[in-house]
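1. just to be clear, the model below is a prediction. Sequence and coordinates:
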Amino acid sequence: MFGPLVLELIVVFLATLGLLHHYGQIRKQHIMVTIATLVSWYFSMIIVFILPLDVSSTFYRQCVQMEAPKLPVTIPILNVTNNTMMNPTINKREVPPPLLGEVKVSKCQKPWSYVPDETLPIMWILVYWSSQILTWLFLPFIQSYVCAGDFSIVGKVKRALLENAIYYGSYLFVLGILLVYIAISPSISLNMVQIKVLVITASNTWGLFLLILLLGYGLVEVPRRLWDKSDPQLTITRTYFALSKLSTEKQEAHENLEDLLEEVKRVSQKVRYNHPSRKYVNIIISKCSDGFQESLVHDGIDDFQEYRANNNEVPPENNLVRLHKQLLQALDTMRRTSVQYKILMNRAVHLENLLKNSVGVPDRTWKEEVPLVEQKENYFVRTFMSLRMKWKWYCQIQPWLRKIGAVCLAVLTVMVIWSECTFFNETPVLSLFAIFINLAKSNYDYIYIELASCTVIFYLCFCAYYTVFRIKFFNYYYIAGHHQTNESSLLFVGMMLCRLTAPLCLNFLGLIHLDTPLETNDGSRGVETSYTQIMGHLELITFISEGFNIYFPILVLILCIATYFEIGQRCLTMIGFQRFIDGNIDDLASDLISDGKQLVIREKRRIQRELNAIHRNEQINQITNGDYTPDVSKRQWKGKYMQKYETRNTDDQSTTSSTTSSSKILGGGGGNEKMEFFEDNSMDYNSLAPATDHHSRWSDSPGGGATSSSVPVISRPPRNLFDDV
């Protein structure tokens with residue numbers, strides 16, 4: 001009974017854990033940050049599977065209630081009043097017994113993923129209130145705590161409470177305004193139940209406002225980015241642009257870190273060992289690199305030296321706290337930009353290889369101008385694909401798959417926009433998703449209902465969360481993959497996702513017309529989803545329930561049009577934040593693209609030099625039988641190794657043979673040992689000289705013939721003669 005639900009919960013948990021591992025550093029970050037982020041992300045993504053189960057269970061309960069007058073069954077009905085769950089009461093319907101021989105067969109079959117009626121309400125209570133407590137109270141406090149530069153736990157707690165005082169004060173101000181509205185409204189009575197409904201309404205209203213803004217960007221950008229990736233030329237141009245900007249950001253981060261390290265050095269000079277603030281300076285120095293700490297020791301800065309009590313140059317503790325916080329941010333920014341630069345550079349080199357293989361390889365075999373040294377290729381591509389199959393995958397199959405996927409997502413985007421603009425009209429039904437769900441409900445096809453519901457809610461979540469993960473607010477909030485997202489940004493994402501959980505559910509239920517009770521044939525109270533039973537209909541404030549919640553989603557159409565024409569990108573470019581706009585590349589953008597291309601050229605030269613060095617070392621290791629070391633001070637060249645290598649060549653063998661025959665002539669017989677040019681240092685190199693003078697070689701013999709055949713003729717010095725010197 002609980003098998004599908006438990007399996008879905010495990011799958012979502014593993015997916016959330018993998019996503020957190022990709023963006024964060026689970027082993028290095030604070031355990032409190034890991035737990036809070038994991039819980040917030042998990043509850044925000046679990047709705048993709050819980051909500052479809054709730055929809056199918058609702059249709060099943062509606063079917064059972066509609067057949068209740070015909071079948072002698074007892075149906076428990078949950079009495080829900082004022083958004084609170086009361087004790088369930090059992091309504092027994094007196095039905096006359098069927099006639100003899102008459103068999104009543106119910107068409108209401110339980111869904112394959114059916115769970116007991118009390119399970120989903122308990123899960124929704126846990127998911128909703130945990131998300132609200134995390135996003136409004138707990139996560140902001142943890143975020144301020146981990147970002148504080150104080151040196152003690154008490155100091156960080158005080159700093160977090162002080163920074164969140166304004167944050168919490170704004171909540172109380174908005175709540176006070178709503179309470180005044182309730183107090184002056186004659187039709188609303190002020191009690192604890194109404195206050196709870198008021199808080200839920202305010203939270204969902206803010207979440208719906210945020211959701212529509214995020215969907216206006218994600219619904220257009222997700223299919224467009226997938227389509228753009230199918231064009232290698234456009235992708236490499238965009239990568240050049242991003243690489244140039246990232247190079248500038250990396251240089252600025254390096255300069256900022258250098259300035260802070262100089263400040264740390266000056267502070268270390270002023271605050272000596274027996275000063276009370278020296279322990280704070282040591283904490284700051286411990287966060288620096290090992291090389292910087294060693295430089296302080298070599299420069300004599302850390303030598304023990306007494307300080308004078310009347311020294312006024314010692315910075316106060318608040319300045320040390322500020323320096324500590326700035327240093328942590330600078331180190332994080334420097335590490336992130338360096339890793340991102342390497343990843344983006346490898347991507348640019350791969351795209352250049354892809355572009356050249358797409359247009360200039362007649363034999364359709366994958367070729368790399370410069371192979372990537374620091375990037376590991378996909379395991380599947382490296383193991384199961386040949387060079388020809390690799391070319392087909394990168395140059396033919398992958399672009400077409402991306403285009404097909406982009407078209408499918410674009411169609412789904414149009415369906416979402418149409419349904420958002422028409423879901424309030426119930427007669428006739430104009431929402432496409434409501435039409436599809438109603439068709440499946442007529443046949444009680446629960447598998448199709450859950451599959452369609454899961455697809456729609458997953459796409460809504462993906463578009464909204466895609467925008468959240470692309471938010472970059474200078475270096476304070478920056479979400480980057482490959483374990484480069486800091487703790488503050490992870491918590492920020494958790495807060496945003498928790499605020500979007502309830503609005504996403506309400507918006508989806510509105511698209512399929514399940515935000516209101518379903519009607520029954522006998523005119524009794526309609527069947528509601530478990531989520532609606534917990535949340536209620538939030539009709540306390542009329543202009544929100546009947547106005548904002550219904551007509552504000554229409555704004556998504558305007559936002560999607562603005563995103564399609566890149567109005568926001570153009571505005572940012574006009575005020576000085578240069579952005580890449582396809583089809584409108586100005587001079588500054590062109591310069592950035594050219595700079596990025598030059599960076600790639602220099603990187604390819606560096607990779608080629610590394611490959612040449614590796615190849616050269618392999619050749620030398622082959623010559624020296626693995627005794628070669630790159631360290632010049634440890635190299636020991638031995639003549640016997642060079643002899644073994646030289647004797648493999650045919651020319652050297654012939655030279656050695658002629659020299660040996662000459663030595664035999666000098667020795668006067670074949671009994672003499674063969675003369676070696678590559679003996680130890682005890683060898684007499686003068687013995688290689690001919691017995692006669694250079695001019696005596698051509699002196700005439702008594703018979704009038706030349707005597708050149710009686711002496712060895714050495715036309716050149718032997719090779720590798722001074723290798724042992």
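-> Now that the structure is in, tell me what you want to look at.
2. for the rest of this, base every contact and every neighbour count on C-alpha atoms.
-> OK.
3. got the contact list for stretch 384-403?
-> With contact meaning C-alpha atoms under 8 Å, 6 or more residues apart in numbering, stretch 384-403 is reached by 226-227, 229-231, 354, 357-358, 364-367, 381.
4. pLDDT averaged over that stretch - what is it?
-> Stretch 384-403 shows a mean pLDDT of 89.
5. next one: that stretch to chain centre, how far?
-> 24 Å (C-alpha atoms, centre = their mean, to the nearest Å).
6. ends of it, how far apart?
-> End-to-end span of stretch 384-403 (C-alpha to C-alpha, to the nearest Å): 24 Å.
7. buried residues in it?
-> For stretch 384-403, burial by neighbour count (16 or more other C-alpha atoms under 10 Å) applies to 389, 390, 391, 392, 393, 394, 395, 399, 402, 403.
8. who are the contact partners of residue 597?
-> residue 240.
9. buried residues in the helix or strand containing it, which are they?
-> If you go by DSSP states H and E, residue 597 is part of helix 587-624. Within helix 587-624, the residues that count as buried by 16+ other C-alpha under 10 Å are 589, 592-597, 599-600, 603-604, 607-608, 611, 617, 620, 623-624.
10. where does the stretch 51-200 of the chain have low pLDDT?
-> Within the stretch 51-200 of the chain, the segments meeting pLDDT under 70 span 68-107, 187-188, 190.
11. before we move on, back to that, can I get the contacts of stretch 384-403 in JSON lines with pLDDT?
-> Shown next, in JSON lines, are the contacts of stretch 384-403 (pLDDT from 0 to 100):
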{"residue": "226", "pLDDT": "95"}
{"residue": "227", "pLDDT": "95"}
{"residue": "229", "pLDDT": "93"}
{"residue": "230", "pLDDT": "92"}
{"residue": "231", "pLDDT": "92"}
{"residue": "354", "pLDDT": "90"}
{"residue": "357", "pLDDT": "88"}
{"residue": "358", "pLDDT": "86"}
{"residue": "364", "pLDDT": "85"}
{"residue": "365", "pLDDT": "87"}
{"residue": "366", "pLDDT": "87"}
{"residue": "367", "pLDDT": "85"}
{"residue": "381", "pLDDT": "70"}
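12. and which of the residues you listed is nearest to residue 441?
-> Distance to residue 441, by C-alpha to C-alpha, is smallest for residue 226 among those, at 33.6 Å.
13. my guess is the closest one contacts residue 406. True?
-> Yes. The pair residue 226 and residue 406 qualifies as a contact (C-alpha atoms under 8 Å) at a distance of 5.6 Å.
14. next one, pLDDT for residue 579 please.
-> pLDDT recorded at residue 579 is 80.
15. ok but it is inside a strand, no?
-> No. Counting by DSSP: H, G, I helix; E, B strand; the rest coil, residue 579 falls outside a strand, being coil.
16. neighbours of it, how many?
-> Using other C-alpha atoms under 10 Å, residue 579 has 19 other residues around it.
17. ok, the spatially closest residue to residue 365 that is not a sequence neighbour to residue 366 distance?
-> In space, and not counting its chain neighbours, residue 365 is closest to residue 388: 4.4 Å by C-alpha to C-alpha, 6 or more residues apart in numbering. Distance check for residue 388 against residue 366: by C-alpha to C-alpha, it reads 6 Å.
18. same thing with residue 17?
-> 36 Å.
19. show the average pLDDT along the strand or helix carrying residue 572.
-> Assigned by DSSP H and E, residue 572 belongs to helix 567-574. With pLDDT averaged residue by residue, helix 567-574 scores 85.
20. where are the low-confidence patches of the stretch 501-650 of the chain?
-> For the stretch 501-650 of the chain, the stretches flagged by pLDDT under 70 are 517-526, 537-541, 543, 583, 626-650.
21. what do you get for the stretch 201-350 of the chain?
-> In the stretch 201-350 of the chain, residues with pLDDT under 70: 299-312.
22. helix, strand or coil for the spatially most central residue of the chain?
-> Nearest residue to the geometric centre of the chain (C-alpha atoms, centre = their mean): residue 481, 2.5 Å. With three-state DSSP as the basis, residue 481 sits in coil.
23. ok, it touching residue 21?
-> No. Using C-alpha under 8 Å, residue 481 is not in contact with residue 21, being 9.2 Å away.
24. common neighbours of these two, please.
-> The contact lists of residue 481 and residue 21 share no entry, where a contact means C-alpha under 8 Å, 6+ apart.
25. list phi and psi for residue 478.
-> Dihedral pair for residue 478: phi -150, psi 110, per degrees, to the nearest 10.
26. what is the neighbour count of the closest residue to it other than its chain neighbours?
-> Distance criterion C-alpha to C-alpha, 6+ apart; nearest residue to residue 478, sequence neighbours excluded, is residue 472 at 4.8 Å. As a burial measure, residue 472 scores 13 neighbours (other C-alpha under 10 Å).
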